[in-house]
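1. got a predicted structure plus its sequence, pasted below:
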Amino acid sequence: MTQSTRICGAFFLLTLGLGARPAAAQQAAAPKTTLPAPDAKMTAFVDNLLGKMTPEEKIGQLNLVSVGFDVTGPVVSKDVDANIRKGRVGAVLNTYTPVAARKLQALAVKESRLHIPLILGYDVIHGHRTIFPVPLGLAASWDLPAMEKTARIAADEASADGVNWMYSPMVDIARDPRWGRIMEGSGEDPYLGSQIARAMVRGYQGPDNDMTRPDRVMACLKHFALYGAAEAGREYNTTDMSLQRMYNEYLPPYKAAVEAGVGSVMSSFNDVNGIPATANKFLMTDLLRTQWGFNGFVATDYTAINELEAHGLGDDKKVSELAMNAGIDMDMVGEIFLNNLAKNLADGTVTQAQIDQACRRVLEAKYRLGLFRDPYHGVSEKRAKATLMKPQYLADARDVARRSFVLLKNDKQTLPLKKTGSIALVGPLANRQRDMIGSWSGAGDWKQAVSVEQGLRTAAPGLKITYAQGANVADDPQMIDRLNAYGGELNIDPRAPEALIAEAVAAAQSADVVVAVVGESQGMTGEAASRADIGLPGHQLDLLKALKATGKPLVVVLMNGRPLTLPWEDQNADAILETWFSGTQGGHAVADVLFGAYNPAGKITATFPRAVGQIPIYYNHKSTGRPYAGVKLDKYKSRYLDLPNDPLYPFGYGLSYTTFSISKPILSAATIPMAGALDVTVTVQNTGTTDGEEVVQLYLRDVVGTSTRPVQELKNFQKVLLKKGESRQLTFHLTVEDLKYYNNNLQFVAEPGEFQVMVGSNSRDVQMASFTLTQ
C-alpha cells in the first residue's frame, strides 16, 4: 500500500468517525483538561441521583427548551410547565431577570419529584446589560486582559440577572467576510483566536474554574466545528476540508478553550466533510473527548438534531439515534431526544449506558455550578440592582470600546479633530442608538446606548455641530422589512436619495470638516446575515462622493461587523476610523478618539479585501508553484488580471496618531537543536510626538517542509505603551513547540531546516531574520 493510499484511507475513516485514527493523531492529543474531573464526592452524589431517576427523567435532563418572559415573570406554556414538574426538562434558554429566573427555577426544585434544578442559558456574546464591542472588534484591541475583563463583567451581570450558562465564546475561524457571524468571533488567525478563547473562558468561569461562585457562569464553546468555513460565506452551509487544514488552521481555538477548562460545547449546524456536526462521532467523541480529553457536556445548537432530516439523514427517530451515538448530550429546543430516545432504546439503536452517560454529564454540570446547593445561584433583585450597568462597568465599556478602534487612514494628520470651529456630522448611523450595540446584544437596552452624535456633543459643547442624515442605511424595501422584522428599528426617510445628499452637502459646505458615520445596520451582520456584496449599502457611497466634492476634509467613521470592500473610501477619504459596533458607551469612545483624548491602537484581525472576488483572502495562505511577484507582464503566475493579489488592509494592520519604528530582529542563535529554544529581540521606538501603543507582531515561516506551509504564521505579539521618543527592547521566546504543525499523517512535528522570523507592525510590514532547526 502506498503512503497516499494509507493517508486517504485514514482520512475516510476519520471523517466518518469510525475510530480508525492514525496513531500520530492520538499521540499529539489527550492533554489534561483544566476542567476539574469529577471528584469522589461529585461522583457519589451523581451516582446516588441517577439511581433514583426513572428512564423518562434521565431523558428529560437532556431536553433544553426555550421560555420567553414578560416584565412580570416567565411566560411558561402549559406543556413546558407540566414537563418541568415531571422532570422532563434539564435546561432552559432565553429567560433572565431575577423574578423570571427564580420563578422558573422554583418549578423544578419545588414541584418536580427529585427537585433537580435547571440550567438557565442565554446568548451573552459581548456583554449582558453593559454591551461591549462585538467580538471581532474586541479582538482588534489585541488586549487579552481587557477581553478577559469583558467576560468577567458579562458573567457578573448575567449571573446577577438569573443566567448561569452562556453561549460563548464563539471561536470559529472565519476567512470569508460575507459570512455574517464573522462579527461574533476573533477573525482569521488560529494563534490569536486560541489566546482569546482562553481569556474568555477564564473571564466567564474564573481562572480556577470554580463556577459555584455566584458571579461566575459556565461557558459554552461554539460552534463545534468549522462553522466559519461555510462555503460561499453563506449561513448554515456545507464545510469540506482536509484533516490537515482542519488540525492546523481551524481546530486550535476550540482545543485552547477545552484546555482552559470550558464547561460545555455546542455543536455547529454545518455539514462537515459529509457528516453534519450534530451527527458526527469523529468530532463529538473521537476528537473532542478521546483526543482532547473534554469531560464536560455537549449541547446542540437551536433545533440542530431536527435539521439532520433536512440534511438527508432520516426521520425523527433516526436522527435521534445518530445524535446520541455521535456523543450529543443535550438537545436544544427540538425535543427530538424527549420524543424518540425511549423508542431508540426499545429497538436497540442506543443503549441505556449512553443515556445514563449523557444524563451524568448534565448533572455534573449542575453540580459544578453549585446548583444543588443553591439552585438560584445567588440571584436576587438586590444583587441585580447593584450589579447591572454600574458606573464602573460603563467606564470599562467606554475604555474597551476605544481600544477596539482601528485607524485605517489618516492623511495629513486630519485626526485628531479640534474642539473649536464647526463640524458637519452626516450619515445614517451618526445618531443611531440601536446600531451602536450591534447584533447578538442579548439583554442590552439600545435606548441606553450613546450615539456618535451624543458623544461628540458631550465631548465638545463649544463646537458647532450640524447634523444631516445624508442617506438611509439601506434603500431596498425588502432589506428594510427583513431588518425591521427582527428588531432593526430602522426609520427610513422617505425623501429621494438626491434630496438627502443635497442636505448633507449644504451642511458640509458651511463646516470646517466633515465626519461621515456610515456602514451597516446591526442586523446586516450576525446569524443569518450573510451578504454577497460587502461594500457600503444603499446610497452611502454616493453620499461620500458628494461630500468629497465639497473639498472639505472628509473623516469616515465606520460602523460594521465585518471587513468591508472600501477601495474608493481608501483612495479619497482623508481619514478612516473603524469603530465596529462598539457597544453601550460607543459614542463617548468615538468622541475620545476623534478628539485625541485616546490614541487609537487597534489592529484588524480579519483581512479587508479590495473586492469580493478576492474572497477567501487571509494572510497565512500558502505559496503556489507559480507565485506572483508583482511583475505586471508576468502572465503565467497565480494572479488576477484586473486586481492586485494583496488586500486593501492586511491582517494586523492599524495606524496611530504617532509613529513607531521596529528594528530588525536579532536572534540569540543561528541554529537550535530539537530540544532547544531561541530568543528574538527587537527595539521598538515611538518616533512621533504623541504617547501611544503599538502591537509588535512576530510571525514564522517554515521554509521547507514535508507538507507545504503558510507563507507566515502569527506566533506571538506584545502590546506596548511608549511615551513620545521612548524606545524599549522587547524579547520573544520561541521553543520547538512553536515550530510544530500537523503533517500529512497528522503527526504533530517540528521538521529540521530553515525558519524565517518576521517581526513588524502588521503581517505585511515586517523585517526578517533566519535560523536553522537541526535534527
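-> All right, it came through fine. Numbering: from 1, shown residues only.
2. walk me through the domains of this protein.
-> Taking automatic domain parsing as the criterion, the chain consists of the domains 3-53+121-382, 61-120, 391-613, 660-773.
3. same question for the third one, mean pLDDT?
-> It stands for domain 391-613. Domain 391-613 shows a mean pLDDT of 97.
4. next, the buried residues of stretch 381-395.
-> By 16 or more other CB atoms under 10 Å, the buried positions in stretch 381-395 come out as 383-384, 387-390, 393-394. Backbone N, C-alpha and C define where each C-beta goes, glycine included.
5. how far off centre is that stretch?
-> Centroid displacement of stretch 381-395 relative to its chain, using CA atoms, centre = their mean, to the nearest Å, is 25 Å.
6. what does stretch 290-305 give?
-> Computed by CA atoms, centre = their mean, the separation of stretch 290-305 from the middle of its chain amounts to 18 Å.
7. and the end-to-end length of it?
-> Between the opening and closing residues of stretch 290-305 lies a distance of 23 Å (CA to CA, to the nearest Å).
8. stretch 746-755 too?
-> Taking CA to CA, the span from the opening residue of stretch 746-755 to its closing residue is 21 Å.
9. who are the packing partners of the strand or helix carrying residue 682?
-> In this assignment (DSSP states H and E), residue 682 forms part of strand 677-686. Applying 3 or more CB pairs under 8 Å, 6 or more residues apart in numbering; DSSP states H and E, one finds that strand 677-686 makes contact with strand 660-662, strand 666-667, strand 692-702, strand 713-722, strand 727-735, strand 753-760.
10. within the sheet, what are the partner strands of the shortest one, with directions?
-> Note on strand 666-667: by DSSP bridges, its sheet partners are strand 677-686 (antiparallel).
11. could you dump the partner strand to PDB, C-alpha only?
-> Taking Å, rounded to 0.1, in the frame of the first residue of the first chain, the C-alpha atoms of strand 677-686 are listed here in PDB:
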ATOM      1  CA  ALA A 677      14.900  27.400  22.300                       C
ATOM      2  CA  LEU A 678      15.500  30.800  20.800                       C
ATOM      3  CA  ASP A 679      15.100  34.400  21.900                       C
ATOM      4  CA  VAL A 680      14.100  37.100  19.300                       C
ATOM      5  CA  THR A 681      14.800  40.600  20.300                       C
ATOM      6  CA  VAL A 682      13.700  43.900  18.700                       C
ATOM      7  CA  THR A 683      13.800  47.500  19.600                       C
ATOM      8  CA  VAL A 684      10.600  49.500  19.200                       C
ATOM      9  CA  GLN A 685      10.600  53.200  19.400                       C
ATOM     10  CA  ASN A 686       7.900  55.900  19.400                       C
END
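12. give the buried residues for that strand.
-> For strand 677-686, the neighbour count (16+ other CB under 10 Å) marks 678, 680, 682, 684-686 as buried.
13. same check on stretch 271-281?
-> The neighbour-count criterion (16+ other CB under 10 Å) identifies 271-273, 275-281 as the buried residues of stretch 271-281.
14. over to residue 218: give its phi and psi.
-> Here is the backbone geometry of residue 218 (degrees, to the nearest 10): phi -90, psi 130.
15. please name the nearest non-neighbouring residue to it.
-> Nearest in space to residue 218, with sequence neighbours left out and distances taken as CB to CB, 6 or more residues apart in numbering, is residue 263 at 3.9 Å.
16. just give me the neighbour total for that neighbour.
-> By other CB atoms under 10 Å, 24 other residues sit near residue 263.
17. give me the neighbour count for residue 496.
-> Neighbouring residues of residue 496 were enumerated by other CB under 10 Å; the total is 10.
18. need the phi and psi values for it.
-> Main-chain torsions, residue 496, degrees, to the nearest 10: phi -60, psi 150.
19. any idea how far it lies from residue 265?
-> 51 Å (CB to CB, to the nearest Å).
20. residue 428 now?
-> Residue 428 is 39 Å from residue 265, by CB to CB.
21. for residue 605, give its distance to residue 147.
-> Relative to residue 147, residue 605 is positioned 12 Å away (CB to CB).
22. tell me who's in contact with residue 304.
-> Residues in contact with residue 304 (CB atoms under 8 Å, 6 or more residues apart in numbering) are 267-269, 276-278, 332, 334.
23. now do the strand holding residue 682, average pLDDT.
-> Regarding strand 677-686, the rounded mean pLDDT is 98.
24. of the contacts of residue 304, closest to residue 757?
-> When the contacts of residue 304 are compared for distance to residue 757 (CB to CB), residue 268 wins out at 35.2 Å.
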